[in-house]
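A.B. asks: A structural model of the following input is requested.
(one chain, ligands or ions: 1)
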Amino acid sequence: EWPIGDETTWKTALDANDVDPEDAQGVANTVVHHITTSLARQAGNMDTLAAYQATALSVRDQLIKRWNETTTYHTSRAPKRIYYLSIEWLIGRSLDNAVLNLGMRNTYEDATRKLGFNFEDLLNEERDAALGNGGLGRLAACYIDSMATLCLPGWGYGLRYNYGIFKQLLSSTGEQLEAPDPWLDRENPWEIPRLDVAYPIRFYGHVESVPNSDKAVWQGGMECLAVAYDTPIPGYATKNCANIRLWSAKPVQGFDLNSFNAGNYEASVQASSEVGNITQVLYPNDNMYAGKLLRLQQQYLWTSASLQDILRRFLKLDKPWSQLSDFICIQMNDTHPTIAIAELMRILVDEEDVPYDQAWKITTKVFAYTNHTVLPEALEKWELSLFEKLLPRHLQLIYRINYEFMGQVAKRWPNDMDRMRRMSIIEEGTPKYVRMAHLAIVGSFKVNGVAELHSQLLQSTIFRDFVEFKGRDFFTNVTNGITPRRWVLQCNPELAELVTHTLGSDQWLTNAQLLRNLLPMAEDVNFRKAWDVIKKNNKRRLADVLEEELGILVNVDSIFACQIKRMHEYKRQTLNIFAIIHRYMQIKKATPEERKKMQPWTFIFAGKAAPGYYIAKLVIRLIVNVGKVINNDLDIGDLLNVCFIPDYSVSIAEVLIPAADVSVQISTAGTEASGTSNMKLAINGALLLGTVDEIAEDAGEDQCFMFGHLADQVQQVRFNNSYNPIPLDQRSPELAEVFKYIESGVFGDAHIYESLTKTVYEHDYYLVSNDFGSYLAAQKLVDDVWANRDEWTKKAILTAFAMGDFSSDRSVQDYADGIWGVESERVPE
Ligand code: GL4
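C.D. replies: I've put the predicted structure just below:
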């Protein structure tokens, strides 16, 4: 039944907004509509930025329509919903991705050409939405794409930072400089402000208990609002459209009326500036915990607002609290939203009058937690005094949760004080800490790691006690994945076309396992030729960028070896740059005859270092300065180039990844939870040069160049390095030579790098010296295969088409089946 007004008028108006996806004139009409109305511009007063904005607004209209249909459909069906809470969303650009997913890429290209613009130019006007650091944030972006494509009733929740990850600049001496990323300075066409969707959030204050009840009253302190901004995320080949709801902090009142009336104007606006800080900037740490109050404020604002929003939707269903977990599941992307467990308890107990025990039963059926790292320095633990100041009621609830939990542990293992101390949510000591991972495990119904090896390590190391307590089934694995839409179709259109043409359909884009059917094409000469042409085109495109942006001329017939990821000691960019220096030394020593037999390489690095991470920044400096020497050494011809591309981003990755021949994945075994750049590189035909990880298993070890100590050997070697050290020239004579070369001052003042080489000379925690020889040997194998180009191409094809398992559609389906218990709800055509 039509809800309001005249049905015919409504429906005619709705139909009038429809655009035929094939109709370029129709699309042009909508673009011009936005040019003249939304932008208040005219044909004579246009530039590519305005054309981009109008095009984006036209696409956004399409998205909103689908968004509306999806929400209406899901509301009517009332299915179980999944909410994905991630403090980072590393989306990148949206225009190309949106028109591809809508199946309107060609129509938009036509329409904008007819209006006098080149579509590629428009795409380049868009700024990246860079609300993330690296793998963790990009994973969330891939997952929401898959949730939309699989038609799952799901939303993402995050924070609308005014500043995304910093812009990385390089000084003339190769040092990283950080500049802000004011990505919202230009209007963001991809977001829909929902100023009416705002929830109150409290910080600080005090708690009064309510006699004879579990309840308490939390009051006073500072109150602010979390305001919603929605980003619609279209699925591929479906009308379904998911949503990322991002919260922005806003003062409750613009200013404090009392101070204002008292004539103190400055004080009257002060409160609003403290609140405004909360969603100002993304913390730029990856795999590194910082412990800042503002970060805890971010976490609480985001999780509290998200929960209030989720519960409001649930309450409309008019179901009892006991059925909460039949209708919602909340996936916590790492421990950042863990405070949600205490917040749900607070809402149920204090506000909804649910008795404590019942509330705990309800709560522990709702949450699931994904762990993304075993690095101890990345595990969140809040200083108790800071926590208590900001969230006094939550600390009380955590004490009670821990009390009951410790009681269970004591019952199972009487008098095992050491076990209790290890497992407690509160870390005793001076100072005391709240361990967020422990709270996440105790409050969840399922915990998962992100790769086979990582999940095993979790269970045998940091969560070992919890495995004994909860049982094996409580822990599971969901291997990470990447979306083939952005990471093949969008970034490598020629390869996508070859695949679609050869398979006779584009179904591989939603069923990546179909790629396996192309494995036999490795033996097909014509296919290999077509493959090589595409790779060469992509390499040329990248070479042009390197020339334009960095002034470095590279040899497009060289091996393009990419190490593109955050700068971190465990990822061992050091190993790579030291090996490059070694290679350079070999070339310098070689006779002209010997040089003729050497294979040419171009090493490409990109990645940011956390601003406070001194050693990681030093590594950048070394890479840049080594590059300067090598790239300007005319004597070595084009046998070797080294490029550091500044300000790595999703958009830069889209150019780099299709051009790579070799994917450099050389973290110390067992430290990288589940690399995802390796998946993107492999599916675009780069061969893996790396330490153990599961891509090797899947692609078949034959296709990869593996090296280095295995995860189960690392502890012992590490122990020896620290306690029974042998001098570096015995551990690795080659590396000792490289260090001497650095110390001779070839790459600038040697003492600059002392603190870096010292980490290897001394404890070498990451086994750089122990793996150096075998890394060189693995590169030698790469040389040999490259010498036989046909064999190379075969391996590349076999690698790429074995990647079906690493589609994020597979990952998300695993979550849906194994953890969330949600089902596809496709909007009818
Ligand atoms: C990370 C892991 O380091 C990375 O291997 C993984 O791909 C990613 C997503 O699961 O999560 N953990 C942290 S912390 N940052 C990451 O990127």
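A.B. asks: how about low-confidence regions in the stretch 601-750 of the chain?
C.D. replies: 694, 696-700 (pLDDT under 70).
A.B. asks: closest point of it to the ligand, which residue?
C.D. replies: Here the residue of the stretch 601-750 of the chain nearest the ligand is residue 673; by CB to the nearest ligand atom that distance is 3.9 Å. Every residue, glycine included, has its C-beta placed from N, CA and C.
A.B. asks: Now the residue in the chain that the ligand sits nearest to: closest residue in space, sequence neighbours ignored.
C.D. replies: In the chain, the residue that lies nearest the ligand is residue 135 (2.8 Å; CB to the nearest ligand atom). Leaving aside its chain neighbours, residue 135 sits nearest to residue 676 (5.1 Å; criterion: CB to CB, 6 or more residues apart in numbering).
A.B. asks: ok so, going back, wait, the residue of the chain closest to the ligand touches residue 678, no?
C.D. replies: No: at 10.3 Å, residue 135 does not count as touching residue 678 under the criterion of CB atoms under 8 Å.
A.B. asks: Show me which residues of the stretch 1-150 of the chain sit near the ligand.
C.D. replies: The stretch 1-150 of the chain comes close to the ligand at residues 134, 135, 136, 139, as judged by CB under 6 Å from any ligand atom.
A.B. asks: wait, I meant the stretch 301-450 of the chain
C.D. replies: Residues of the stretch 301-450 of the chain lying near the ligand (CB under 6 Å from any ligand atom): 372, 373, 378, 450.
A.B. asks: Which two among the residues you listed are spaced furthest apart?
C.D. replies: Distance extremes for those: the farthest pair is 378 and 450 at 13.3 Å, using CB to CB.
A.B. asks: Now do the SS call for the closest residue in space to residue 336 that isn't next to it in sequence.
C.D. replies: Nearest residue to residue 336, sequence neighbours excluded (CB to CB, 6+ apart): residue 87, at 4.1 Å. Recorded secondary structure, residue 87: coil (DSSP: H, G, I helix; E, B strand; the rest coil).
A.B. asks: residue contacts, residue 87?
C.D. replies: Under the criterion of CB atoms under 8 Å, 6 or more residues apart in numbering, the neighbours of residue 87 are 158, 159, 298, 299, 302, 333, 334, 336, 337.
A.B. asks: would JSON lines of those with neighbour count and pLDDT be doable?
C.D. replies: Listed next are the contacts of residue 87 as JSON lines, based on neighbours: other CB atoms under 10 Å; pLDDT from 0 to 100:
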{"residue": "158", "neighbour count": "28", "pLDDT": "99"}
{"residue": "159", "neighbour count": "27", "pLDDT": "98"}
{"residue": "298", "neighbour count": "24", "pLDDT": "98"}
{"residue": "299", "neighbour count": "23", "pLDDT": "98"}
{"residue": "302", "neighbour count": "29", "pLDDT": "98"}
{"residue": "333", "neighbour count": "23", "pLDDT": "98"}
{"residue": "334", "neighbour count": "24", "pLDDT": "98"}
{"residue": "336", "neighbour count": "25", "pLDDT": "98"}
{"residue": "337", "neighbour count": "29", "pLDDT": "98"}
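A.B. asks: Including secondary structure and distance to residue 651, could those residues go into JSON lines?
C.D. replies: As requested, the contacts of residue 87 are arranged in JSON lines below (DSSP: H, G, I helix; E, B strand; the rest coil; distance: CB to CB, whole Å):
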{"residue": "158", "secondary structure": "strand", "distance to residue 651": "20"}
{"residue": "159", "secondary structure": "strand", "distance to residue 651": "22"}
{"residue": "298", "secondary structure": "helix", "distance to residue 651": "26"}
{"residue": "299", "secondary structure": "helix", "distance to residue 651": "28"}
{"residue": "302", "secondary structure": "helix", "distance to residue 651": "26"}
{"residue": "333", "secondary structure": "strand", "distance to residue 651": "23"}
{"residue": "334", "secondary structure": "coil", "distance to residue 651": "25"}
{"residue": "336", "secondary structure": "coil", "distance to residue 651": "25"}
{"residue": "337", "secondary structure": "coil", "distance to residue 651": "28"}
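A.B. asks: which one of the residues you listed is nearest residue 430?
C.D. replies: Nearest to residue 430 out of the contacts of residue 87 is residue 299 (CB to CB; 24.4 Å).
A.B. asks: In this model residue 336 seems to touch that closest one, though I could be wrong.
C.D. replies: Yes: look at residue 299 against residue 336 with CB under 8 Å: they come within range, at 5.6 Å.
A.B. asks: tell me the domain boundaries of the protein?
C.D. replies: Using automatic domain parsing, the domain ranges for the chain come out as 20-77+102-127, 78-93+128-166+175-250+263-285+292-479+814-820, 554-795.
A.B. asks: Kindly present these as CSV, with separate columns for distance to residue 8.
C.D. replies: Shown next, in CSV, are the domains of the chain (distance: least, CB to CB, whole Å):
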stretch, distance to residue 8
domain 20-77+102-127, 19
domain 78-93+128-166+175-250+263-285+292-479+814-820, 24
domain 554-795, 46
